[in-house]
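A.B. asks: Here is a sequence with its predicted model. Questions after.
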Amino acid sequence: MNASPTTWLRLSALAIGVSCTTAALAETITIGTVNNGDMIRMQALSSEFEAANPGIELDWVILEENVLRQRLTTDIAANSGQFDVMTIGMYETPIWGANGWLEPMDNLPASYDEDDLFPSVKAGLSADGQLYALPFYGESSMTYYRTDLFEDAGLSMPAAPTWDQVREFAVALHDPSNEQYGICLRGKAGWGENMALVSTMVNAFGGSWFDMDWNAQLETDEWKSAVNFYVDLLGNYGPPGASSNGFNENLALFNTGKCGMWIDATVAGSFVTDDSQSNVADSVGFAAAPSQVTEKGSGWLWAWALAIPVSSDQKDAAQKFVTWATSKEYSALVADRHGIAAIPPGTRVSTYENQDYLDAAEFASMTLTQMRKANPDDSTLEPSPYTGVQFVAIPGFSGFGTTVGQQISGALAGSSTVDRALANANTVVNREMRRAGYQD
Amino acid sequence: MKLHTEKVVKLTLVTIVSWLVAALIFFPIFWMILTSFKTELNAFSSPPSLFFWPTLENYFVVFERSDYLRYAFNSVVISFVSSILAMFIGIPAAYSMAFFPTKRTQGVLLWMLSTKMLPPVGVLVPIYLLARDASLLDTRTGLVIIYTLINLPIVIWMIYTYFKDVPKDILEACRMDGASLWQEIRHVLVPITMGGLSSTFLLSLILSWNEAFWSLNLTASQAAPLTALIASYSSPEGLFWAKLSAASTLAVAPILVFGWISQKQLVRGLTFGAVK
């Protein structure tokens, strides 16, 4: 009570000292991510991680997908260490990993059960057999269809339809005067937008991006028949303005009951069956992504994964977080807080061995079938030199893939013919491949 | 009588056209505000719905998920400080160019403007590296420096044109009365051109407020302004228009209010030269 001013001074100095030590002990890790539903849940649940790891604080940077990619590339290239955890996909991981930009994912604890990860997903996130990112959620593609409309029209969807069958159904269901369109597909230009779907169609029609000598194959009969089929199907039996529709636009169209069928990412299963955002939640059926001359590569494979850049100053803390966010323990936490159907899909085999999950998520068994079918190392009928189902895992692909996407989107919008679009696209791809040194 | 009717018709026509132009310009903002009160499903509906049950859900989501006040604080600090700095450098620069021109003044003015002709992405890497080495990445100071430099050419140009309109005799008269340089600028020049200076300040403020390229590239979590908040609501897999609209509405609200308050100054400044 009678403390002298000197005592107060000493006490406050002590207090400042203590608070400084605490501040120095707390590590802040910065996580760059995108605004997808599963990531939003992760952000909300991360307070649990902070509570369990008192020394670690999390800072979130949420950006638009392309901006995030550009930021991460600049950050890694300039070695500025602004991010400790990055959300990247199956396209970048092997390329960045091989460049030595990412920390190898070694020394994972036994409880993490690395062997539980889908082998195809693990392979897609590795370079030369070394894992460089841990999968947060994975997806393939599948066919969503309206069971009520099929019943009314006396149609029946096989478990694994062909593109010809899909076209027949689309013709039967197309009723534009009532704003009812036979099929909704991606039309918006982009390597990850329309080209994801078109590449799987080309695979199903027996084509591939390159032959074994890295010559572009875009003017082959397989590409021509696949792209003509796509333009005819979506142009005649799709919604108006389809060339500007991406995943989100089609999701909205399907959820408002305007599409008879929709072929897109398996992750949409939880959106179309959620009655808070879908008007047709009770009447959605699931089938495999259509095949044609082959089933190989007919459904894509993608995963959003968490990686640690070599420029990070807090690698240990980052590793702790990445391991936690992709663990079984995290899945259990999500199930507890948001219901079992909300578990991040497509990464762990054990998720699909859980009967409760299969019962709660009606799209789960089809997701599993499609995830098992997709193989990024063997996705084309004829042998091809690249990995990736709906993309080619080489650095230039995001550039020329988008150019090809623009050509095809133009053909869909009617501003060019399919033959001309493919001829232009073929020239561009060959030029880029020559520049990058793949061709002599 | 005929003349009078003609006048009325002309006035009515001009009024209608101005309202139409104003409505056209305001429509996107109106639509954004409307969308922010819709559900995600409603926001996507086609044909777009004009009548619907409004919901505040999107605003709750934005406040719950993001630290809006931190983003807003960063925006306010960065844009005000950089605009004030630009004015402090711009006024003396424009003063010397307007009242004591040399044979190189025109060239210097044009050279300054030419820096605006380079696409920002062209200098992204050097500036990023400079910012990294100076430890200015993800700091408000870093953005203040960049924004001041970006806006300086426009600020100097605008102030220069306002100063050019001031008769030299007035300044000479006050010099004759023994005013120092500081007094001349502070008590004569600035009050005469107040309208122009205010509108220059406001323009610089709005440009800094809306700048997205550098703010997205040079910040991460600590110094991110409202433009980064808006960008964070776009989603590759999930519906986001309504939430994005709510975030955008919250981002434009402060500057809209500020613009409203300073409307008088702005209009006076912009028409300053015309009515002289």
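C.D. replies: That came in fine, so what should we check first?

A.B. asks: what about residue 195, which helix or strand?
C.D. replies: With no chain named, the answer covers chain A. Per DSSP states H and E: A:Met195 is located in helix A:194-204.

A.B. asks: ah, no, chain B please
C.D. replies: Using DSSP H and E, B:Gly195 falls in helix B:194-210.

A.B. asks: Now do the contacts for the residue nearest to B:Thr200 when sequence neighbours are not counted.
C.D. replies: Excluding its sequence neighbours, the residue lying closest to B:Thr200 (C-beta to C-beta, 6 or more residues apart in numbering or on different chains) is B:Met158, at 4.4 Å. The way it works is simple: take the backbone N, C-alpha and C, and place the C-beta from them, glycine included. Counting by C-beta atoms under 8 Å, 6 or more residues apart in numbering or on different chains, B:Met158 makes contact with B:196, B:199-200, B:203.

A.B. asks: Out of the residues you listed, flag the one nearest to A:Phe247.
C.D. replies: B:Leu203 (38.7 Å; C-beta to C-beta).

A.B. asks: so that closest one sits right up against B:Gly196, yeah?
C.D. replies: No - between B:Leu203 and B:Gly196 there is no contact under C-beta atoms under 8 Å: 10.5 Å.

A.B. asks: Compare these two and say which is more crowded by neighbours.
C.D. replies: Ranked by neighbour count (other C-beta atoms under 10 Å in any protein chain shown), B:Leu203 and B:Gly196 place B:Gly196 first, with 22 against 18.

A.B. asks: Name the nearest residue to the more buried one, ignoring sequence neighbours.
C.D. replies: Counting by C-beta to C-beta, 6+ apart, B:Tyr162 is the residue found nearest to B:Gly196 once chain neighbours are left out, at 3.3 Å.

A.B. asks: Please apply the same query to A:Ala170.
C.D. replies: Nearest to A:Ala170 is A:Gly182, by C-beta to C-beta, 6+ apart, at 3.1 Å.

A.B. asks: Can you classify that neighbour by secondary structure?
C.D. replies: strand (DSSP: H, G, I helix; E, B strand; the rest coil).

A.B. asks: Look at it and report its pLDDT.
C.D. replies: Looking at A:Gly182, its pLDDT is 96.

A.B. asks: contacting residues for it?
C.D. replies: A:169-174, A:237-238, A:260-261.

A.B. asks: can you give me the helices for the stretch 1-150 of chain A?
C.D. replies: Taking DSSP state H, counting those that start in this stretch, the helices of the stretch 1-150 of chain A run over residues A:5-25, A:37-52, A:65-77, A:92-98, A:119-124, A:147-152.

A.B. asks: Check what pLDDT A:Thr273 gets.
C.D. replies: 91.

A.B. asks: again with the one 5 residues further on
C.D. replies: The model reports A:Ser278 with a pLDDT of 88.

A.B. asks: Count the neighbours of it for me.
C.D. replies: 22.

A.B. asks: again, but for A:Tyr230
C.D. replies: Neighbour count of A:Tyr230, defined by other C-beta under 10 Å: 25.

A.B. asks: Report the buried residues of whichever strand or helix holds it.
C.D. replies: Counting by DSSP H and E, the element that carries A:Tyr230 is helix A:221-237. Within helix A:221-237, the residues that count as buried by 16 or more other C-beta atoms under 10 Å in any protein chain shown are A:222-231, A:233-234, A:237.

A.B. asks: Show me what it is packed against.
C.D. replies: Counting contacts by 3 or more C-beta pairs under 8 Å, 6 or more residues apart in numbering or on different chains; DSSP states H and E, helix A:221-237 packs against helix A:163-173, strand A:181-184, helix A:194-204, helix A:397-413, helix A:418-435.

A.B. asks: wait, which of the ones you listed is closest to A:Asp113?
C.D. replies: Taking C-beta to C-beta, helix A:194-204 is the member of the helices and strands packed on helix A:221-237 nearest to A:Asp113, at 29.9 Å.

A.B. asks: Could you export that closest one as CSV, CA atoms only?
C.D. replies: Extracted as CSV, the C-alpha positions of helix A:194-204 are listed here (Å, rounded to 0.1, in the frame of the first residue of the first chain):
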residue,chain,number,x,y,z
ASN,A,194,-14.1,-24.1,-69.3
MET,A,195,-10.8,-25.9,-70.0
ALA,A,196,-11.3,-28.1,-67.0
LEU,A,197,-14.5,-29.5,-68.5
VAL,A,198,-13.3,-29.5,-72.1
SER,A,199,-10.1,-31.3,-71.2
THR,A,200,-12.1,-34.1,-69.6
MET,A,201,-14.4,-34.2,-72.6
VAL,A,202,-11.4,-34.5,-74.9
ASN,A,203,-10.0,-37.3,-72.7
ALA,A,204,-13.3,-39.1,-72.9
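
A.B. asks: Could I get the average pLDDT for it?
C.D. replies: Regarding helix A:194-204, the rounded mean pLDDT is 96.

A.B. asks: how far away is the residue in the stretch 1-150 of chain B that chain A sits nearest to from A:Ser327?
C.D. replies: For the stretch 1-150 of chain B, the residue closest to chain A is B:Phe44, as judged by C-beta to the nearest C-beta, at 3.4 Å. Distance from B:Phe44 to A:Ser327, counting by C-beta to C-beta, to the nearest Å: 35 Å.

A.B. asks: same check, this time on B:Ala93
C.D. replies: Distance from B:Ala93 to A:Ser327, by C-beta to C-beta: 59 Å.

A.B. asks: circling back to that earlier point, quick one: contacts of the following helix or strand past the helix holding A:Tyr230?
C.D. replies: Sequence order places helix A:247-255 as the next helix or strand after helix A:221-237, per DSSP H and E. The contact list for helix A:247-255, computed with C-beta under 8 Å, 6+ apart, reads A:144, A:181, A:184-186, A:188, A:193, A:239, A:245, A:259, A:262, A:264-265, A:268, A:271-272, A:277-280, B:40-41, B:44-46, B:235-240.

A.B. asks: likewise stretch B:45-55?
C.D. replies: The contact list for stretch B:45-55 (C-beta under 8 Å, 6+ apart) reads A:252-253, A:256, A:258, B:34, B:37-39, B:42.

A.B. asks: For that stretch, buried residues please.
C.D. replies: Buried, per 16+ other C-beta under 10 Å, within stretch B:45-55: B:Ser45.

A.B. asks: re earlier: please name the nearest non-neighbouring residue to the residue of the stretch 1-150 of chain B closest to chain A.
C.D. replies: B:Phe44 sits nearest to A:Ala252 (C-beta to C-beta, 6+ apart), 3.4 Å away.

A.B. asks: B:Ser82 too?
C.D. replies: B:Tyr147 (3.7 Å).

A.B. asks: State the distance from A:Ala196 to chain B.
C.D. replies: 11 Å (C-beta to the nearest C-beta, to the nearest Å).

A.B. asks: I'd say that residue and A:Gly187 touch.
C.D. replies: No - using C-beta under 8 Å, A:Ala196 makes no contact with A:Gly187, being 11.8 Å away.

A.B. asks: Of the two, which one has the most company?
C.D. replies: A side-by-side neighbour count of A:Ala196 and A:Gly187, using other C-beta under 10 Å, places A:Gly187 first with 28 against 23.

A.B. asks: hang on, the more buried one is in a strand, isn't it?
C.D. replies: No - assigned with three-state DSSP, A:Gly187 falls outside any strand and is coil.

A.B. asks: what does the model give it for pLDDT?
C.D. replies: pLDDT, A:Gly187: 94.

A.B. asks: Kindly report the same for B:Met117.
C.D. replies: 88.

A.B. asks: What number of residues are in the vicinity of it?
C.D. replies: Using other C-beta under 10 Å, B:Met117 has 6 other residues around it.

A.B. asks: Check the spacing between it and B:Gly107 real quick.
C.D. replies: Using C-beta to C-beta, B:Met117 is found at 15 Å from B:Gly107.

A.B. asks: Could you single out the nearest of the contacts of A:Gly182 to B:Glu6?
C.D. replies: Nearest member of the contacts of A:Gly182 to B:Glu6, counting by C-beta to C-beta, is A:Gly238, at 54.7 Å.
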